[in-house]
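[1] Okay, sequence plus prediction incoming.
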Amino acid sequence: MDTAQQVVKASGSRTGVRKVTYSLPARLVSELDRRTAQMAKSKSAVVAEALALYFAGQDRAALAKTYEEAAQDPLFQADNEAVLRDFAALDAEAEQEAP
């Protein structure tokens, strides 16, 4: 179950749910109205899912940036090279066993 589904499931059970008010551009409200009229999901569930997806995307981008920065770190590079050397024999063995 992905993050968005977890948020929607939690909100559907009414556990930990809070009523809030936010201002949205009129075009987004109209689109939300139009789309939810054709769905079994509530507007709140759609907004919760959209926010969960947005936050998950931000988290993925932050993690990618961290990995990118680590890849440029000489100590991280040296550690990776040591791991590759340490496991070279096992990697070769696994390649030979693969069909």
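    All right, it came through fine.

[2] got the residue ranges for the helices in this protein?
    Ranges of helices within the chain are 3-12, 26-36, 43-71, 74-97, based on DSSP state H.

[3] mean confidence score for the last one?
    Within the predicted structure, the mean pLDDT of helix 74-97 is 91.

[4] got the contact list for it?
    Residues from elsewhere that reach helix 74-97 (Cβ atoms under 8 Å, 6 or more residues apart in numbering): Ala70, Ala71. From N, CA and C alone the C-beta is placed, and that goes for glycine too.

[5] Recalculate using a threshold of 6 Å.
    By Cβ atoms under 6 Å, 6 or more residues apart in numbering, the list of residues contacting helix 74-97 from outside reads Ala70.

[6] now it, how far from the centre of its chain.
    Centre-to-centre, helix 74-97 and its host chain are 29 Å apart (Cα atoms, centre = their mean, to the nearest Å).

[7] try stretch 64-79
    In terms of Cα atoms, centre = their mean, the centre of stretch 64-79 is found 21 Å from the chain centre.

[8] For that stretch, buried residues please.
    Of all the residues in stretch 64-79, not one is buried under the rule 16 or more other Cβ atoms under 10 Å.

[9] before we move on, the earlier item: with distance to Val20 as extra columns, can I get the helices of the chain in TSV?
    Listed next are those as TSV, based on distance: least, Cβ to Cβ, whole Å:
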stretch	distance to Val20
helix 3-12	12
helix 26-36	15
helix 43-71	10
helix 74-97	41
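
[10] and among these, the most buried is which?
    Stretch with highest mean neighbour count among those: helix 3-12 (a mean of 16; mean count of other Cβ atoms under 10 Å).

[11] Can you show me the CA trace of stretch 85-93 as CSV?
    Provided in CSV are the C-alpha atoms of stretch 85-93 (Å, rounded to 0.1, in the frame of the first residue of the first chain):
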residue,chain,number,x,y,z
ARG,A,85,36.5,-4.9,-3.5
ASP,A,86,35.3,-6.9,-0.5
PHE,A,87,32.4,-8.4,-2.4
ALA,A,88,34.1,-8.9,-5.7
ALA,A,89,34.6,-12.6,-5.2
LEU,A,90,30.9,-13.1,-4.1
ASP,A,91,29.7,-11.1,-7.1
ALA,A,92,31.8,-13.2,-9.5
GLU,A,93,30.5,-16.4,-7.9
